[in-house]
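Novice: Sequence plus the predicted model coming up.
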There are 2 protein chains.
Amino acid sequence: MQRYYYSYHEFREDLKTLTHKIDEEFDTLLPIARGGLSMGQLLGEYYAIRKVYAINTIGYDDTQKLKSVEVLNLPDLSDSHRILILDDIIDSGDTIKAVLERLQRLYPTKTFKVASIFYKPSASIEPNYWVREAKGWIDFFWTVDLKEQV
Amino acid sequence: MQRYYYSYHEFREDLKTLTHKIDEEFDTLLPIARGGLSMGQLLGEYYAIRKVYAINTIGYDDTQKLKSVEVLNLPDLSDSHRILILDDIIDSGDTIKAVLERLQRLYPTKTFKVASIFYKPSASIEPNYWVREAKGWIDFFWTVDLKEQV
């Protein structure tokens, strides 16, 4: 399988591209941990949004090849109206679907949109904003940079 | 005032230094948003800790020059035992003190430690682990990198 190192430099350029694509305003960013955390920090700074609330998920693979996703640490969104959910990659789409369903049930009158850097067209859901098509195996800088002996 | 650009490259090297200093195990990382989010992502990957739970704070400056800090979105730590709180910089120490007090009151039997990259010796509290003394004004890469016209 094709293996690709995704550097901080590319991440920074992709986030710039993402900010050019995002053509509406949000008052809250909701990164999914861990993948969306750096995005949340840089985009929060860029948009001067202090409401950057993380959310956690746990995926369970059961024997029927159906993935169930538990959503943890839901933030209090009572003072939020337009929320942008962030994740590094939309792969199967199972995680983001579970997060969206949970949030829309809890807060039916609020607007939720999704932004990711990578997106696999085979996913069950397409983010509202995304930058790159995911191909092969990606070595994200946040996964490998502390391990490298440079 | 001295002005200093803090790059991703330095951040990466400082996180490596931090992992050399941290000489105990944790099962949970608790980044304070927004400053600790990238740290949480990279250290979570490095230590293979999935429990990376963000916490939010709001600081209010009142007229008496006393800063009061509200702590929001406390995660469920019932399955956690040894928790490392993360922030980019311990400046006055007010934020981290408020977070520690709130967490220790809620979870008196759990262990909470603090790690930061920057630390000002004039702060009211010293983190258990830190890398650099903060001097002058720091332009963090997560604050300026998306704004630059490079």
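Specialist: Yes, it's here. Residues are numbered from 1 along each chain as shown, chains lettered A, B, ... in the order given.
Novice: how much space between A:Asp88 and chain B?
Specialist: 9 Å (C-beta to the nearest C-beta, to the nearest Å). (C-beta placed from N, C-alpha, C; glycine too.)
Novice: excluding its backbone neighbours, what's nearest A:Asp88?
Specialist: Nearest residue to A:Asp88, sequence neighbours excluded (C-beta to C-beta, 6 or more residues apart in numbering or on different chains): A:Gly35, at 3.7 Å.
Novice: Doesn't that neighbour lie inside a helix?
Specialist: No - using DSSP: H, G, I helix; E, B strand; the rest coil, the secondary structure at A:Gly35 is coil, not a helix.
Novice: Now for the residue in chain A positioned nearest to chain B, how many residues are close by?
Specialist: For chain A and chain B, the shortest gap (C-beta to the nearest C-beta) falls at A:Ala54, measuring 3.4 Å. Using other C-beta atoms under 10 Å in any protein chain shown, A:Ala54 has 28 neighbouring residues.
Novice: tell me which residues form a beta bridge with the residue nearest the centre of chain A?
Specialist: What sits nearest the mean C-alpha location of chain A, by C-alpha atoms, centre = their mean, is A:Asp87, with 0.9 Å. Note on A:Asp87: beta-bridge partners by DSSP bridges are A:Ser116.
Novice: How about the residues of chain A by chain B?
Specialist: Proximity of chain A to chain B, by C-beta under 8 Å from any C-beta of the partner chain, involves residues A:8, A:12, A:15-16, A:19, A:31, A:33-35, A:37-38, A:40-46, A:50-54, A:56, A:58, A:72-73, A:75-76, A:142-143, A:145-147.
Novice: quick one on the thing from earlier: what pLDDT does the residue of chain A closest to chain B get?
Specialist: On pLDDT, A:Ala54 comes in at 97.
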